[in-house]
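Visitor: model the structure of this input:
(chains A and B)
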Number of protein chains: 2
Amino acid sequence: MSKKALILIADGTEEMEFTITYDTLVRAGIHCTSAFVSAVDTESPTNDAYHAPPFATCSRGIRIVSDEVFSPQHAGPDKYDLLVIPGGAKGAETISASEPVLHLVRAYVDAGKHVGMICAGSLAALRSRLPKQPLTSHPSVKSQLENDFEYSEDPVVISGTLVTSRGPGTTFPFALTLVELLCGKEKRKEVEGPMVFPGGHV
Amino acid sequence: MSKKALILIADGTEEMEFTITYDTLVRAGIHCTSAFVSAVDTESPTNDAYHAPPFATCSRGIRIVSDEVFSPQHAGPDKYDLLVIPGGAKGAETISASEPVLHLVRAYVDAGKHVGMICAGSLAALRSRLPKQPLTSHPSVKSQLENDFEYSEDPVVISGTLVTSRGPGTTFPFALTLVELLCGKEKRKEVEGPMVFPGGHV
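Guide: Okay, here's the model as predicted:
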C-alpha cells in the first residue's frame, strides 16, 4: 500500500519548501495531502478557522490552493505515515502556534511515524516540547532552538523519526531523505535521476 | 527602477521549476507576474481561452493561482525585462503550441530582452524558430532539439539573451543565473545566502 504524507501550509509558508517537498514525495509514489492551517485560533470549530480561504498566500506571493483545511481529527498518525511542517517565517509562526498541530507532532513521534520540519518549521519541535535531541533549522531561528536541542548545521538531521533541515537550498536533500526513509534507497535513486541534478544527484 | 519578469504557467507545468524561479527572482527584488496559458487555441479572443480557470493544476497536483491570464498585448518586451517558460511535459507542450507565445519569444530576443527556458520549456526555442545556438533541456526532449541547436548538457546555458536549463534539479542555478544577468553578481550573492545551500552556494 502506498505511503501517505500530510503537508501543512499557511499564509506566509515558504513556497519552495512546500512545493519541492510535495512534488518530490509525489514522484516517489507517496500520496500527498496539503492542509491549510488558519492564523486564527484553530481550537474553536465555531469560529472562522474552518472556513477555507481559496488559497494560501505564500512568502513570496505565490498563491497555492490547499487540498484540505487542517482538521485535527483527520490528520492523525493513524491516517498518515509522515507529517511535514515547512518554513517561511510567518507561515511557521502560524503553524507552530496551533495547539492542535503541536499535539499532532507529539502523537506522530509517539506512534513512531515520521515528522519533517524545515527552516523556521523547526520551531514546532520546541513548541511541542520534544525532548532534547539533534536538530537543525534556518539560521535565523537558531538562537531560539540551541538551548533546547543538540543544534547542528548539517543540511539534514535525522533523529529517530524526526527529520529537520535548513532552508530552500536544502529542501531537495530533505525531501529525498524522506523518500529514502519511507520508500528505500532504490526509490530515492529512481526519483533523483529524472530531476537532473548537476552531477546526477543531490 | 526594479526589473520585471513574466513567468508563464499552464496545466501540467512543473511546479518546482515555476515556484523556485518565481520565488528566487522575487527575493532579488524583481517584480514577477505569472500568466496562465490555456490549452485551447489562444489566438481567438472570442473563445474560452480568455476565461481564467481559478488555478493551474501542475504536474504533480499542486494547484497554483496565476496572477493573470496570458494576454499577448500585455506581455511584450516593452513591459517586461524577462520572459520565463518552465517545463513539465504537458505544460510545456501547451505553452510552446501557443502562436502568441512563440511570437513573443521572438519579440523578446529581437528586443535584446532575456528569455529563460527550462526542462521541456526549451521546446519553445524550436517552435519559435530561434536560430541555431547553444541550448540545453530536459534529457527527455533532447532528441527533438539536438539537430536544430548546439545541444549542451551543462546545467545552465547562456546564449546571448537566451538562458536554458535542464530540470527541477538545475532550477536553483537557472534562477540565480537570471538574477545575476538582470541584477548583478552582488545581488546573486545576497539572495543565495539566506537560502542556505549546503556549502553556502549553488
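Visitor: partners of the worst-scoring helix or strand of chain A on mean pLDDT, with directions?
Guide: Taking mean pLDDT, DSSP states H and E as the measure, the helices and strands of chain A show their lowest mean at strand A:68-69, namely a mean of 94. The strands beside strand A:68-69 in its sheet (DSSP bridges) come out as strand A:31-36 (parallel).
Visitor: next structured bit after the strand it pairs with?
Guide: Per DSSP states H and E, the first helix or strand lying C-terminal to strand A:31-36 is strand A:56-57.
Visitor: give me the contacts around that next one.
Guide: A:9, A:10, A:11, A:12, A:13, A:36, A:63, A:64, A:66, A:91 (C-beta atoms under 8 Å, 6 or more residues apart in numbering or on different chains). (Each C-beta comes from the backbone N, C-alpha and C, glycine too.)
Visitor: chain center to it: distance?
Guide: Averaging C-alpha positions (C-alpha atoms, centre = their mean, to the nearest Å) puts strand A:56-57 16 Å from its chain's average.
Visitor: likewise stretch A:114-122?
Guide: So, by C-alpha atoms, centre = their mean, the centroid of stretch A:114-122 is 5 Å from its chain's centroid.
Visitor: same question, stretch A:83-92
Guide: Its chain's C-alpha centre and that of stretch A:83-92 lie 7 Å apart, by C-alpha atoms, centre = their mean.
Visitor: equivalent analysis for stretch A:7-21, please.
Guide: Mean C-alpha position of stretch A:7-21 versus that of the full chain (C-alpha atoms, centre = their mean) differs by 8 Å.
Visitor: hmm, back to that, considering the contacts of strand A:56-57, which possesses the most neighbours?
Guide: Using other C-beta atoms under 10 Å in any protein chain shown as the neighbour test, the contacts of strand A:56-57 are led by residue A:13, with 35 neighbours.
Visitor: so is the helix or strand following the least confident helix or strand of chain A next to chain B?
Guide: Sequence-wise, the next helix or strand beyond strand A:68-69 is strand A:82-85, with elements assigned using DSSP H and E. No - remark: strand A:82-85 sits outside contact range of chain B, by C-beta under 8 Å from any C-beta of the partner chain, the gap being at least 13.6 Å.
Visitor: what packs against the following helix or strand past strand A:82-85?
Guide: Downstream of strand A:82-85, the first helix or strand assigned by DSSP H and E is helix A:89-96. Helix A:89-96 is packed against strand A:82-85, helix A:123-127, with contacts defined by 3 or more C-beta pairs under 8 Å, 6 or more residues apart in numbering or on different chains; DSSP states H and E.
Visitor: switch to 6 Å and redo it
Guide: Secondary-structure packing of helix A:89-96 (3 or more C-beta pairs under 6 Å, 6 or more residues apart in numbering or on different chains; DSSP states H and E): helix A:123-127.
Visitor: now the element after the helix it packs on, going C-ward?
Guide: From helix A:123-127, the next helix or strand downstream (DSSP H and E) is strand A:134-135.
Visitor: got the buried residues for the next helix or strand after that following strand?
Guide: Note on strand A:134-135: by DSSP H and E, the next helix or strand toward the C-terminus is helix A:142-145. Buried residues in helix A:142-145, counted by 16 or more other C-beta atoms under 10 Å in any protein chain shown: residue A:145.
Visitor: next secondary structure element downstream of helix A:142-145?
Guide: Moving toward the C-terminus from helix A:142-145, the next helix or strand (DSSP H and E) is strand A:150-151.
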